[in-house]
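Engineer: Fold the following.
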Amino acid sequence: MTPRRLTLAAMAGACLLSACAVQPATKPTPPAPAIPAPEPTRAPPAAPARTEVPAPPPATPLAGDTVTGLDIYEAFRDGLAEPQCDNAQERWRRHFAHAPERLGNPDRDTLALFGYVVGVLREADLPTEFALIPFVESGYAPGARSKAGPAGLWQFVPATARDHGVRIAGGYDGRLAPAESTRAAVSYLDHLYRRFDGNWRLALMAYNAGEFRVKKALQRSSNDGAGDAAPQSLPGLAPVTYAYVEKLHALACLLEEAGGQPQWRAQLERPVPILREQAVDGTGNLQAWASRQGHDLATLRRLNPALGGSWPSGHAPLALVPGRGQPGHIEADPLASLRQASAGAPDAATYTVRRGDSAWTIARRHGVAIARLLELNGLRADSVLKPGMVLRLP
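Structural biologist: Below you'll find the model as predicted:
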């Protein structure tokens with residue numbers, strides 16, 4: 001499989017979550033409760049094991065090029081393939097109940113990392129449902145490890161990581177580098193999404209169980225093709241694979257509902273650093289590189305667990321850095337368009353209707369009264385919204 005080339009921007013440009021040194025914390029804050037990690041999900045499945053998410057040190061405020069947490073949330077919502085929320089299983093709603101709290105916690109890096117992943121997915125034109133995978137896999141902890149072997153934000157096993165170009169050698173484990181593992185995961189998801197005709201649910205099942213297994217199950221089913229196939233219509237897959245889709249759906253519902261809560265939205269109404277990808281070149285020592293580049297060493301170590309030791313000579317790993325970086329370095333900027341839109345948004349806002357939207361969900365998402373939305377667009381309560389319609393927003 002040929003990895004998808006992500007758009008890189010030299011020097012400037014803002015990649016949703018990078019750029020800048022962190023201000024020292026004034027007092028330590030205990031970490032929020034970690035989201036329980038599920039059983040290993042790579043095929044063939046190993047014996048069930050819980051992912052051990054190490055408790056990170058309190059995240060200090062990140063300064064520099066920023067967007068707001070609400071910008072990140074709306075970028076996520078606008079990129080969903082199926083924004084409607086229904087029939088989420090109560091079991092998984094309880095399991096991931098702390099996800100909104102974790103995302104909104106200003107003392108953690110979760111929102112910055114989430115924004116980085118959302119930006120890379122938006123740049124690749126992939127559904128942002130996929131940004132929920134690290135919640136399921138690792139609780140958005142870059143240094144998470146499972147006793148069964150998976151590691152990192154995306155919980156790759158070594159063989160899968162190497163198959164997708166992630167370097168594991170000489171004491172260096174690229175699975176613990178969120179920039180490198182995210183590139184690999186998005187490239188793989190892009191392949192699966194296109195292989196299954198834009199059906200994000202089947203692509204997700206293939207990510208979990210393996211492309212071959214889902215392909216064979218599709219052939220055994222009565223579906224004419226992959227595009228409209230429902231997960232339940234594919235026979236013979238492991239229960240964990242069907243549950244994988246339900247987990248992401250429950251997470252999406254929890255975040256959708258949290259978006260309607262003023263208190264939670266207020267938690268997101270704060271600056272969040274844009275994390276950039278920057279090559280760690282010219283040295284095999286993170287401390288020396290951080291000093292030369294003017295980055296905070298503790299922040300780099302927290303965001304990039306793979307760089308805690310050394311790495312093979314001739315290999316310049318990618319780091320996520322909160323800061324502008326230095327001239328002459330290649331830096332990814334998947335969220336530049338979001339920042340530009342946020343900085344220069346016109347007074348008259350509009351929204352383009354997507355499949356599954358209703359006046360109620362649009363009004364709730366944008367925090368407006370449904371009566372006002374209908375009045376502004378000359379609609380009645382029973383009006384049918386069609387994909388592609390452009391609605392005015394107050």
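Engineer: Give the full set of residues in contact with the residue nearest to residue 271 when sequence neighbours are not counted.
Structural biologist: Distance criterion CB to CB, 6 or more residues apart in numbering; nearest residue to residue 271, sequence neighbours excluded, is residue 66 at 3.8 Å. C-beta here means a position set from N, CA and C on the backbone, and glycine is covered the same way. Residues near residue 66 by CB atoms under 8 Å, 6 or more residues apart in numbering: 271-274.
Engineer: For residue 66, grab phi and psi.
Structural biologist: When read as degrees, to the nearest 10, the backbone of residue 66 gives phi -140, psi 160.
Engineer: From residue 228, how far out is residue 245?
Structural biologist: 15 Å (CB to CB, to the nearest Å).
Engineer: typed the wrong thing, it's residue 122
Structural biologist: Here residue 122 is placed at a distance of 24 Å from residue 228 (CB to CB).
Engineer: Between the two, tell me which one has more neighbours.
Structural biologist: Applying other CB atoms under 10 Å to residue 122 and residue 228 shows that residue 122 carries more neighbours, namely 21 against 10.
Engineer: so that one makes contact with residue 77?
Structural biologist: No: Residue 122 is beyond contact range of residue 77, at 11.4 Å (criterion: CB atoms under 8 Å).
Engineer: Need the residues touching each of those two.
Structural biologist: Joint contacts of residue 122 and residue 77 (CB under 8 Å, 6+ apart) are residue 128.
Engineer: As a check, name the ranges of all strands in this protein.
Structural biologist: For the chain, the strands defined by DSSP state E cover 8-10, 17-18, 51-52, 66-68, 145-146, 168-169, 172-173, 271-279, 318-321, 330-332, 349-352, 390-393.
Engineer: Centre of the chain to the fifth one, how far?
Structural biologist: What that stands for is strand 145-146. 19 Å (CA atoms, centre = their mean, to the nearest Å).
Engineer: Which neighbouring elements make contact with it?
Structural biologist: Counting contacts by 3 or more CB pairs under 8 Å, 6 or more residues apart in numbering; DSSP states H and E, strand 145-146 packs against strand 51-52.
Engineer: and what of the last one?
Structural biologist: Helices and strands in packing contact with strand 390-393 are listed as strand 349-352, helix 370-376; criterion 3+ CB pairs under 8 Å, 6+ apart.
Engineer: coming back round to it: if you rank the contacts of residue 66 by neighbours, which is first?
Structural biologist: residue 274 (33 neighbours).
Engineer: To residue 88, which of the strands of the chain lies closest?
Structural biologist: Smallest distance to residue 88 across these (CB to CB): 22.1 Å, for strand 51-52.
Engineer: avg pLDDT for that closest one?
Structural biologist: For strand 51-52, mean pLDDT is 44.
Engineer: Dump the helices and strands packed on strand 390-393 to a markdown table, plus mean neighbour count and mean pLDDT.
Structural biologist: As requested, the helices and strands packed on strand 390-393 are arranged in a markdown table below (neighbours: other CB atoms under 10 Å; pLDDT from 0 to 100):
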| stretch | mean neighbour count | mean pLDDT |
| --- | --- | --- |
| strand 349-352 | 12 | 80 |
| helix 370-376 | 14 | 83 |
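Engineer: okay, which residue is most central for the chain?
Structural biologist: With distances taken as CA atoms, centre = their mean, the residue of the chain nearest its centroid is residue 131 (2.9 Å).
Engineer: which residues does residue 206 contact?
Structural biologist: Contact analysis of residue 206 by CB under 8 Å, 6+ apart lists 192, 195-196, 213-215.
Engineer: For the residues you listed, pick the one with the most neighbours.
Structural biologist: Tallying neighbours with other CB under 10 Å puts residue 214 at the head of the contacts of residue 206, with 27 neighbours.
Engineer: confidence score at that one?
Structural biologist: 93.
Engineer: ok, now the one 10 residues further on?
Structural biologist: The predicted structure scores residue 224 at 70 on the pLDDT scale.
Engineer: Same check on the one 3 residues further on?
Structural biologist: The model reports residue 227 with a pLDDT of 80.
Engineer: now swap in residue 160 and tell me
Structural biologist: At residue 160, pLDDT is 90.
Engineer: what number of residues lie near it?
Structural biologist: There are 21 residues near residue 160, going by other CB under 10 Å.
Engineer: Quick check: the gap between it and residue 150.
Structural biologist: 9 Å.
Engineer: and if you look at residue 219?
Structural biologist: 29 Å.
Engineer: Of these two, which one has the most company?
Structural biologist: Using other CB under 10 Å as the criterion, residue 219 and residue 150 rank with residue 150 on top: 25 against 9.
Engineer: got the end-to-end distance for stretch 202-218?
Structural biologist: This stretch, stretch 202-218, spans 9 Å end to end (CA to CA, to the nearest Å).
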